[in-house]
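**Q** need a 3D model of the sequence below.
(chains A and B)
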Number of protein chains: 2
Amino acid sequence: MTPAAQELSPGEPRTVVIKVGGSLVSDKRSDDHIDHDALRDYAALVAALATARPGRVVFVAGGGALGHGAVRTTDAPGPHALLPLTQATFRVKWAWAQALCAAGVRAMPLQVAAMAREDAGGVRTQTAVPAQLLRSGVLPVLSGDCIVTADGSLRIMGSDEVPGVMVAEDFAPVRVVTLTDVPGILTGTGHDSPVLRHVDPDEADPAGAFFWPTASWDTSDAMRGKVQALAGHARRGAECVITQGDRRARSLMHLFSPMECWPDDVPHTLISRVPAAI
Amino acid sequence: MTPAAQELSPGEPRTVVIKVGGSLVSDKRSDDHIDHDALRDYAALVAALATARPGRVVFVAGGGALGHGAVRTTDAPGPHALLPLTQATFRVKWAWAQALCAAGVRAMPLQVAAMAREDAGGVRTQTAVPAQLLRSGVLPVLSGDCIVTADGSLRIMGSDEVPGVMVAEDFAPVRVVTLTDVPGILTGTGHDSPVLRHVDPDEADPAGAFFWPTASWDTSDAMRGKVQALAGHARRGAECVITQGDRRARSLMHLFSPMECWPDDVPHTLISRVPAAI
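**A** A predicted model of the protein is given here:
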């Protein structure tokens, strides 16, 4: 069902990992909120994309209010303190899976904590289940989670880090697209200021000068953490894009187009080793 | 933390997979019921066992009311109809994980659907996460689930089948103990009738003559399905035991004893290729 790499057009990804940021479907300042209308709109867009490109789309749900709330409300310290995050983000995945199924695709939530762990060598993953789902035309639904580390303690794997689970030869070339509430890395202070077109993932502090201060209620360290996570995926060969989500968009089909063919009215920041030919 | 096979006493399992049947902590005839008092009692017993034998206990939660309810209430037919089971059984795992953590162990729910799949060659599993949890002294909490099959449809992997995920060289020798509401395979019609002591898993219909009729509300086909699942694990080298759960028991420590050393007042049916020396 999925094409071999040599059957792809130049610049066309085989797999698109699309993350819808929690800020688009919830208010992170609340601990338990999902905007089901917004979620339904985004689910319809993602379902249409997955239907048009079966076996080539992976969905990642941002934690939003539930995920951030679970981390903020953790009061028992210790190596296992983050455990509630796996339950909270399973609820988020389930809300998305239901909305995606209602929009006409077979979607399946998968607990990242059961597929990924960290040992002395870094993050290790086992992805035979999502691979088989993709071969079967089923849309895997992932999210941030807590994963076990080398010493047995749990750590957060944020939803910007999670696409890295799918950055592997089996799925390459991979494009990671994060839809968020800003059009990219802004070069000014307003939402309408120009965005940085390209970030080199091998820079020590990619685009660091441009970050705005992080809001105190945001546990993901906002844009700086996002760029660091995406730069990591880019160093492993993925093409990563930050762009603004629009629940009223007509389509997301351009996510499979070569970067140089994206519509002019879709500002975005590309994080990749090879900048798009302009 | 876990001993090498050669450090074990004769007849001592390295890993005990303990399943607490849903019937012990819920009423399967209801769709949404957990007896939290019973669950707390069993969790205390399992936590004590896992604390005494760190890294050597795996817990499997029976689906009970929530699991059976999710399957019964599925109304949309088709290859994806069973999807609600993965959400329902995650709730069951979460209830157990919370009770086990409250009883003093670090327990972690793991979605079996993210670690197991079925292809033309049968069930395939990836168990690096539960292996790392065990090495770290964390108690994996599994349950029945729906897994993807070779044609992309979902099928039920019942909680009696799930211990098979852990029947592997990494964890061997493995003993699977299912605590249920009867003391084993009864040879008569009453709960106090003698139980079959041993079942040969290579028999075509192990102990078939002894099964009582299945209640219509039980989607797991009661004892017959349980014995078939356990016979499958036994053919792969596990020692499988059916015995009655007792939430007031003083301890579960005998689960690590050689079978011939089990207390006389614990009737049970053993399903294994090698019968216990009596």
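
**Q** use CA for all of it now, contacts and neighbours both
**A** Noted.

**Q** which non-adjacent residue is nearest the residue in the stretch 1-150 of chain A positioned nearest to chain B?
**A** Going by Cα to the nearest Cα, chain B is nearest to residue A:136 of the stretch 1-150 of chain A, at 4.7 Å. Leaving out its chain neighbours, the residue that sits closest to residue A:136 by Cα to Cα, 6 or more residues apart in numbering or on different chains is residue B:152, at 4.7 Å.

**Q** hmm, residue A:13 is touching residue A:176, no?
**A** No. Using Cα atoms under 8 Å, residue A:13 is not in contact with residue A:176; the gap is 9.5 Å.

**Q** more neighbours: which of these two?
**A** residue A:176 (30 against 24; other Cα atoms under 10 Å in any protein chain shown).

**Q** re the thing from before, so the residue nearest to residue A:136 sits right up against residue A:134, yeah?
**A** No. If you go by Cα under 8 Å, residue B:152 and residue A:134 don't touch, sitting 9.0 Å apart.

**Q** now do whichever strand or helix holds residue A:131: distance to the chain's middle.
**A** Per DSSP states H and E: residue A:131 is located in helix A:128-135. Taking Cα atoms, centre = their mean, to the nearest Å, one finds helix A:128-135 lying 18 Å from the centre of the chain it belongs to.

**Q** tally of neighbours for residue A:147?
**A** 24.

**Q** doesn't residue A:146 belong to a helix?
**A** No. Per DSSP: H, G, I helix; E, B strand; the rest coil, residue A:146 lies outside any helix segment and is strand.

**Q** contact partners for it?
**A** Residues in contact with residue A:146 (Cα atoms under 8 Å, 6 or more residues apart in numbering or on different chains) are A:82-83, A:85-86, A:113, A:154-157.

**Q** how about the residues of the stretch 101-250 of chain A near chain B?
**A** With Cα under 8 Å from any Cα of the partner chain as the criterion, the stretch 101-250 of chain A meets chain B at residues A:106, A:108, A:110-117, A:126, A:128-130, A:132-133, A:135-138, A:148, A:151-152.

**Q** check the gap between residue A:200 and residue A:274 for me.
**A** 8 Å (Cα to Cα, to the nearest Å).

**Q** on that earlier part again, tally of neighbours for the residue of the stretch 1-150 of chain A closest to chain B?
**A** The number of residues near residue A:136, taken as other Cα under 10 Å, comes to 20.

**Q** on that earlier part again, taking the contacts of residue A:146, please make a ChimeraX selection of just the buried ones.
**A** Applying 16 or more other Cα atoms under 10 Å in any protein chain shown to the contacts of residue A:146 leaves a buried subset, and the ChimeraX line that selects it is:
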select /A:82,83,85,86,113,154,155,156,157
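
**Q** would you list the contacts of residue A:146 in CSV and tack on distance to residue A:143 and secondary structure?
**A** Formatted as CSV, the contacts of residue A:146 follow (distance: Cα to Cα, whole Å; DSSP: H, G, I helix; E, B strand; the rest coil):
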residue, distance to residue A:143, secondary structure
A:82, 15, coil
A:83, 14, coil
A:85, 10, helix
A:86, 9, helix
A:113, 10, helix
A:154, 16, strand
A:155, 14, strand
A:156, 11, strand
A:157, 9, strand
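
**Q** so which of the contacts of residue A:146 is the closest to residue B:54?
**A** residue A:154 (17.5 Å; Cα to Cα).

**Q** so how far is residue A:120 from the nearest residue to that closest one once chain neighbours are set aside?
**A** Closest residue to residue A:154 apart from its sequence neighbours, by Cα to Cα, 6+ apart: residue A:148 at 4.6 Å. Taking Cα to Cα as the measure, residue A:148 and residue A:120 are separated by 12 Å.

**Q** before we move on, what about residue A:260?
**A** Residue A:260 is 39 Å from residue A:120, by Cα to Cα.

**Q** okay, these two: which has more neighbours?
**A** Counted by other Cα under 10 Å, residue A:260 and residue A:120 do not tie: residue A:260 has more neighbours, with 12 against 9.
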